[in-house]
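Asker: Here's a sequence, model it:
(one chain, ligands or ions: 1)
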Amino acid sequence: MRLSPSTIEQLPEQIVLPGYDRDKHTIGIVHFGIGAFHRAHMAVYTDDVLAAEGGDWRILGVSLRSGTVRDQMSPQGGLYSLVERSAQASKVRIIGAVADVLVASEERERVVNALASAGTHIVSFTITEKGYCRAPDGSLDFALADSRSAYSYLAESFARRRDSGLAGLTLLSCDNLAANGAQLQRLMAQYLEATAPDVRAWFDENCACPLTMIDRIVPATTQTDRAEVEALLGVQDAAAVVTEPFTQWVIEDKFAGPRPAWEKHGAQITSNVSAFETAKLRMLNGAHSALAYLGLQRGHEFVHEAVADAELVALINRLMRDEAAPSLVPADGQDLSKYADALITRFKNPALNHKLIQIAMDGSQKIPQRWLETLAYHQQAGKQCPAILEALAAWIMHIRGDKHDVDDPMRDDFQELWKSEGRAGISRALFSGKGTFAAVWQGTSDDIATLNSRLN
Ligand code: CS2
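Answerer: Okay, here's the model as predicted:
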């Protein structure tokens with residue numbers, strides 16, 4: 001038996017159920033990229049709003065291409081369990097905010113209809129860094145931004161909304177990009193300019209793209225997790241998600257229309273998001289990526305194992321405190337040293353089993369905002385960042401692909417580059433002259449020598 005609206009009443013008493021009548025709330029949000037991260041973060045804040053404040057804020061999930069999540073969630077009427085795990089306890093509740101899931105490549109018309117519906121006010125995104133279809137210099141790569149990209153569905157719906165005199169939309173990027181909302185705005189405008197120039201002005205005048213800082217560690221759900229959930233619920237849940245107790249969401253106060261009162265349920269709506277966002281990217285995500293590549297190199301499998309390695313924990317402490325933190329301008333009351341302490345504690349959570357290989361994925365999309373911007377900042381003052389350079393060297397070895405599978409949209413380019421440049425030339429080919437990432441950070445000859453000395 002599966003978790004579903006008809007089996008939910010039979011769940012054991014201690015399981016917390018959605019505190020509202022799901023059928024009484026219609027869709028107000030369309031979410032692209034309905035993976036585990038969204039289900040453990042924004043959908044939970046929205047579930048709390050539905051229970052306490054009401055409103056038509058249920059979520060229509062959209063997967064761009066894969067049918068996996070639709071097949072997990074649709075038979076369950078969108079219901080799934082959220083498991084919060086710490087060393088001490090596991091807490092389970094059922095989330096009801098998701099109404100349905102569509103696969104855009106199979107049901108284009110239904111997706112565009114939903115985006116163009118009068119009831120939809122917010123379109124949100126967790127499509128991962130690569131979903132934004134950026135070239136390494138940050139511009140929109142039109143070879144990637146084709147009719148199957150989120151931009152294409154949005155552009156079509158904008159034209160319909162304009163023609164039927166509907167209000168604009170808030171586009172809420174919840175991905176780990178630097179200045180995520182501003183980037184989405186710029187890339188969307190670039191897309192419209194090239195493919196639907198008549199809609200560009202409507203987009204500029206009617207839509208808003210707030211910045212957000214989103215934070216919750218969500219490992220990919222495993223078969224063992226699903227078995228644990230089944231034992232607790234007495235029914236199967238193919239869409240269960242497992243996460244840490246910690247959660248944070250800071251959103252820029254810049255919406256095109258109505259929104260759920262997320263701030264009454266833990267989110268912060270403020271005018272200064274970038275201080276939080278940059279700190280999160282350079283400290284949390286920067287340390288995560290360092291643990292991933294250096295940890296894998298040293299034979300670790302999980303984050304909590306890598307952070308128990310004395311040399312690695314020392315390195316990420318230097319990365320966060322001596323390199324990332326000094327590159328930031330903290331907001332009032334933001335204490336970066338306490339932030340680093342809290343991150344180390346979160347990374348140590350032994351119950352999460354967060355795989356390093358999951359974080360190692362898509363490095364080409366992640367390292368610019370996690371490491372290279374910090375390197376570029378310190379370079380202005382002539383300073384090197386030894387901890388980041390050590391992590392960067394581990395990444396360069398990772399993308400050679402001889403130890404672990406490389407899951408990255410640029411994998412083939414990197415493997416070609418390794419073949420043609422070899423150990424002596426690869427660092428320069430990536431980070432100097434007209435190198436792949438040189439638009440973000442140009443290594444000095446000292447930096448390149450440091451990187452080279454660490455390659456084996
Ligand atoms: C991680 C993030 O996989 C990764 O690259 O660094 O998903 C991280 O767990 C989240 O950003 C935490 O909020």
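
Asker: residue boundaries of the helices in the stretch 101-250 of the chain?
Answerer: Taking DSSP state H, counting those that start in this stretch, the helices of the stretch 101-250 of the chain run over residues 108-115, 150-163, 180-195, 197-206, 223-233.

Asker: from the middle of its chain, how far away would the first one be?
Answerer: This points to helix 108-115. Chain-centre distance of helix 108-115: 24 Å, with Cα atoms, centre = their mean, to the nearest Å.

Asker: got a list of contacts for it?
Answerer: 27, 30, 60, 62, 102, 104, 120, 123, 153-154, 156-157, 160-161, 169 (Cβ atoms under 8 Å, 6 or more residues apart in numbering). C-beta here means a position set from N, CA and C on the backbone, and glycine is covered the same way.

Asker: Equivalent analysis for the fourth one, please.
Answerer: For helix 197-206, the external contacting residues (Cβ under 8 Å, 6+ apart) are 155, 158-159, 161-162, 167-169, 188-189, 192-193, 256.

Asker: Greatest separation within these: which pair is it?
Answerer: Within those, A167 and E193 form the most distant pair, 22.3 Å apart (Cβ to Cβ).

Asker: who in this structure is up against the ligand?
Answerer: Taking Cβ under 6 Å from any ligand atom as the contact definition, the chain meets the ligand at 176, 215-217, 285, 288, 358-359, 366.

Asker: And for the residue in the stretch 251-400 of the chain that the ligand sits nearest to, the neighbour number?
Answerer: Using Cβ to the nearest ligand atom, H288 is the residue of the stretch 251-400 of the chain that sits closest to the ligand, at 3.6 Å. Using other Cβ atoms under 10 Å, H288 has 24 neighbouring residues.

Asker: Over to S147?
Answerer: 12.

Asker: How about the one 4 residues further on?
Answerer: Other residues within reach of Y151, judged by other Cβ under 10 Å, total 26.

Asker: So Q384 sits against D447, correct?
Answerer: Yes. Look at Q384 against D447 with Cβ atoms under 8 Å: they come within range, at 6.5 Å.

Asker: and these two? which has more neighbours close in?
Answerer: Using other Cβ under 10 Å as the criterion, Q384 and D447 rank with D447 on top: 21 against 16.

Asker: show me the contacts for the residue in the stretch 51-200 of the chain that the ligand sits nearest to.
Answerer: The ligand sits closest to N176 of the stretch 51-200 of the chain, with a gap of 5.1 Å, by Cβ to the nearest ligand atom. N176 is in contact with 129, 214, 280-281, 285, 366, 369, counting by Cβ under 8 Å, 6+ apart.

Asker: Only whichever of these are buried, select them in ChimeraX.
Answerer: The following ChimeraX line selects those of the contacts of N176 that are buried, judged by 16 or more other Cβ atoms under 10 Å:
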select :129,214,280,281,285,366,369
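
Asker: nearest to A342, of the contacts of N176?
Answerer: Among the contacts of N176, and counting by Cβ to Cβ, the member closest to A342 is K280, at 11.5 Å.

Asker: Got the phi and psi for the closest one?
Answerer: Main-chain dihedrals, K280, degrees, to the nearest 10: phi -60, psi -50.

Asker: Quick one: the strands in the stretch 251-400 of the chain, in order.
Answerer: Per DSSP state E, counting those that start in this stretch, the stretch 251-400 of the chain carries strands over the ranges 268-270.

Asker: Under the pLDDT cut-off, which ranges of it? List them.
Answerer: Counting by pLDDT under 70, the stretch 251-400 of the chain contains no low-confidence residues.

Asker: longest helix in the chain, by residue count?
Answerer: Determined from DSSP state H, the single longest helix within the chain is helix 411-431.

Asker: relative to helix 411-431, how tilted is the following helix or strand past that one?
Answerer: Using DSSP states H and E, the next helix or strand after helix 411-431 towards the C-terminus is helix 445-454. Helix 445-454 and helix 411-431 meet at an angle of 130 degrees, taking axes from the mean of the first three to the mean of the last three Cα atoms, to 10 degrees as the criterion.

Asker: List the buried residues in helix 445-454.
Answerer: Neighbour-count burial for helix 445-454, counted by 16+ other Cβ under 10 Å, picks out 447-448, 450-452.

Asker: Check which helices and strands that helix is in contact with.
Answerer: Packing contacts for helix 445-454, counted by 3 or more Cβ pairs under 8 Å, 6 or more residues apart in numbering; DSSP states H and E, involve helix 386-398, helix 411-431.

Asker: Quick check: mean pLDDT of the longest one?
Answerer: Averaging the model's pLDDT scores along helix 411-431 yields 97.

Asker: chain center to that helix: distance?
Answerer: 28 Å.

Asker: Dump the C-alpha coordinates for it into PDB.
Answerer: What follows is helix 411-431, C-alpha atoms only, in PDB (Å, rounded to 0.1, in the frame of the first residue of the first chain):
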ATOM      1  CA  ARG A 411      32.800  16.500 -18.200                       C
ATOM      2  CA  ASP A 412      33.800  15.900 -21.800                       C
ATOM      3  CA  ASP A 413      35.400  19.300 -22.200                       C
ATOM      4  CA  PHE A 414      37.400  18.600 -19.100                       C
ATOM      5  CA  GLN A 415      38.500  15.200 -20.200                       C
ATOM      6  CA  GLU A 416      39.700  16.600 -23.500                       C
ATOM      7  CA  LEU A 417      41.500  19.400 -21.700                       C
ATOM      8  CA  TRP A 418      43.300  16.900 -19.400                       C
ATOM      9  CA  LYS A 419      44.300  14.800 -22.500                       C
ATOM     10  CA  SER A 420      45.700  17.800 -24.400                       C
ATOM     11  CA  GLU A 421      47.300  19.800 -21.600                       C
ATOM     12  CA  GLY A 422      48.400  17.100 -19.200                       C
ATOM     13  CA  ARG A 423      49.400  17.800 -15.600                       C
ATOM     14  CA  ALA A 424      51.800  20.500 -16.600                       C
ATOM     15  CA  GLY A 425      49.200  22.600 -18.500                       C
ATOM     16  CA  ILE A 426      45.800  21.900 -17.000                       C
ATOM     17  CA  SER A 427      45.800  24.500 -14.300                       C
ATOM     18  CA  ARG A 428      46.800  27.200 -16.800                       C
ATOM     19  CA  ALA A 429      44.200  26.100 -19.300                       C
ATOM     20  CA  LEU A 430      41.500  26.400 -16.700                       C
ATOM     21  CA  PHE A 431      42.500  29.600 -14.900                       C
END
